[in-house]
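Novice: This is a predicted model, with the sequence first.
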Amino acid sequence: MRRLSHAAPLQRSTPPNRWQELAEQVLAGHQLSRQEGLEIFQCPDEELVELLAAAYRVRYHYHGRLVQVNFLINAKSGLCGEDCAYCSQSAVSTAPIQKYRLVHKEKILQGAELAAAHQARTYCIAVSGRGPSDQELDLLAEAVREVKRRYPLRICVSPGLLSRQQAVRLKQAGVDRVNHNLNTSARFYPRICTTHSYQDRLATLEAVRAAGLEICSGALLGMGEEEEDVVDLALELGRLEVEAAPINFLNPIPGTPLEGIRRLNPRSCLKALCLFRLAIPKCELRMSAGREIHLGPLQPMGLFPANSLFVGGYLTTPGRDPQEDFRMIEALGFEVVPDGVH
């Protein structure tokens, strides 16, 4: 019988990891193409870990192991004349939510105290409606000045549509950042809102930038859009070089026109987070509303592309216990951004 040879096995060259190659190109300044964005979204599930590793390489380069915590107050709820199909506060929603006018300064200060207690770096003040009145801007400005005096918090205001003059007033009051989500692509936008346009939203972001404020603008995934819509949105946000991008996953609230839609799965959500990290590499990428529903047990993996999250709940829906999020961050070997770091 012929004896088996003990010679060393044949050396096979390892095929290049296309996701790591793409991450390297992004770190070198490459702007993602539409085709590359679609390839990320269509990544085979068996390559998902490799895609996450590539996204984490970019995340780590700009943000290390730090996680930014954000705390949100819904300072004015409902009473909105817009018809955004996803929103429980819109004019077309019958969801049983609390409705109230802009709260007093003391309530906003109480929220700031909670934000500081939850180790938040950014305190987000949301105001429902098409846009703020002069009186609402005055109240917000007064409250922001007092928050800044008391706490080492960055302030992000989500006030709806803004003119440049209004944005300047917020800047003068001490606001650091304005949130106004594009949510989806220009093509799909008329399917979810008709009372204002995608261009109206872009104009607000341009006014915010012209006023010297940081831009917070992100996505709402799972509304019935196509993969191309998500990619186009990611590329648009990359073009705008937004400082923060909250990625929301539709919570189909009963009473809203989108109450019956449920098209997301945890793997597609992770691929979307990787897409936005590679399209907007430097940004504060935030796992936002709906993560508890759609990422489920895979939530920890979302912090490999994302470096930020909300704790303590959202506009009209609760989140999970903040201590669960802090345990998740610790288990991953990550750290919350220390107080006072800007």
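Specialist: Nice, thanks for sending it over.

Novice: number of nearby residues for the nearest residue to residue 293 once chain neighbours are set aside?
Specialist: Nearest residue to residue 293, sequence neighbours excluded (Cβ to Cβ, 6 or more residues apart in numbering): residue 251, at 5.9 Å. (Each C-beta comes from the backbone N, C-alpha and C, glycine too.) Other residues near residue 251 come to 22 when the count uses other Cβ atoms under 10 Å.

Novice: Residue 251 reaches residue 290, doesn't it?
Specialist: Yes: assessed by Cβ atoms under 8 Å, residue 251 is found in contact with residue 290 at 4.8 Å.

Novice: Can you pull out the low-pLDDT segments for the protein?
Specialist: Along the chain, segments meeting pLDDT under 70 span 1-16, 78, 97, 313-319, 339-342.

Novice: center of it - which residue?
Specialist: By Cα atoms, centre = their mean, the chain has its centre lying nearest to residue 246, at 0.6 Å.

Novice: Now do it against residue 179, distance only.
Specialist: As judged by Cβ to Cβ, to the nearest Å, residue 246 and residue 179 stand 7 Å apart.

Novice: same check, this time on residue 226
Specialist: Using Cβ to Cβ, which is the criterion applied here, residue 226 is 25 Å from residue 179.

Novice: what about the two, which has more around it?
Specialist: Taking other Cβ under 10 Å, residue 226 and residue 179 do not tie; residue 179 has more neighbours (22 against 13).

Novice: Can you name every helix or strand that the longest strand along the chain contacts?
Specialist: Criterion DSSP state E: the longest strand present in the chain is strand 66-76. In terms of contacts (3 or more Cβ pairs under 8 Å, 6 or more residues apart in numbering; DSSP states H and E), strand 66-76 is packed against helix 105-117, strand 122-127, strand 284-287, strand 308-310, strand 335-336.

Novice: just those: most buried one?
Specialist: Across those, the average number of neighbours (mean count of other Cβ atoms under 10 Å) peaks for strand 284-287, which reaches a mean of 26.

Novice: Residues in contact with that one: which ones?
Specialist: The contact list for strand 284-287, computed with Cβ atoms under 8 Å, 6 or more residues apart in numbering, reads 59, 63, 68, 70, 218, 243-247, 273, 276-277, 295, 299, 302-303, 305-310.

Novice: which of those are buried?
Specialist: 59, 63, 68, 70, 218, 243-247, 273, 276-277, 295, 299, 302-303, 305-310 (16 or more other Cβ atoms under 10 Å).

Novice: Tell me which of these fall in strands.
Specialist: 68, 70, 244, 245, 246, 247, 308, 309, 310.

Novice: wait, which of these is closest to residue 29?
Specialist: Closest approach between these and residue 29, by Cβ to Cβ: residue 245, at 18.9 Å.

Novice: Could you verify my assumption that that closest one touches residue 236?
Specialist: No: counting by Cβ under 8 Å, residue 245 stays clear of residue 236, with 10.8 Å between them.

Novice: helix/strand/coil for residue 234?
Specialist: With DSSP: H, G, I helix; E, B strand; the rest coil as the basis, residue 234 sits in helix.

Novice: Rebuild the ones in strands among the buried ones among the contacts of strand 284-287 as TSV, extending it with distance to residue 47.
Specialist: Output for those, formatted as TSV (distance: Cβ to Cβ, whole Å):
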residue	distance to residue 47
68	28
70	31
244	28
245	23
246	26
247	21
308	25
309	25
310	29
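
Novice: what about the strands in the stretch 151-300 of the chain?
Specialist: 154-158, 177-179, 214-216, 219-221, 244-249, 284-287 (DSSP state E, counting those that start in this stretch).

Novice: could I get those as a markdown table with distance to residue 171?
Specialist: Listed next are the strands of the stretch 151-300 of the chain as a markdown table, based on distance: least, Cβ to Cβ, whole Å:
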| stretch | distance to residue 171 |
| --- | --- |
| strand 154-158 | 10 |
| strand 177-179 | 9 |
| strand 214-216 | 10 |
| strand 219-221 | 25 |
| strand 244-249 | 16 |
| strand 284-287 | 19 |
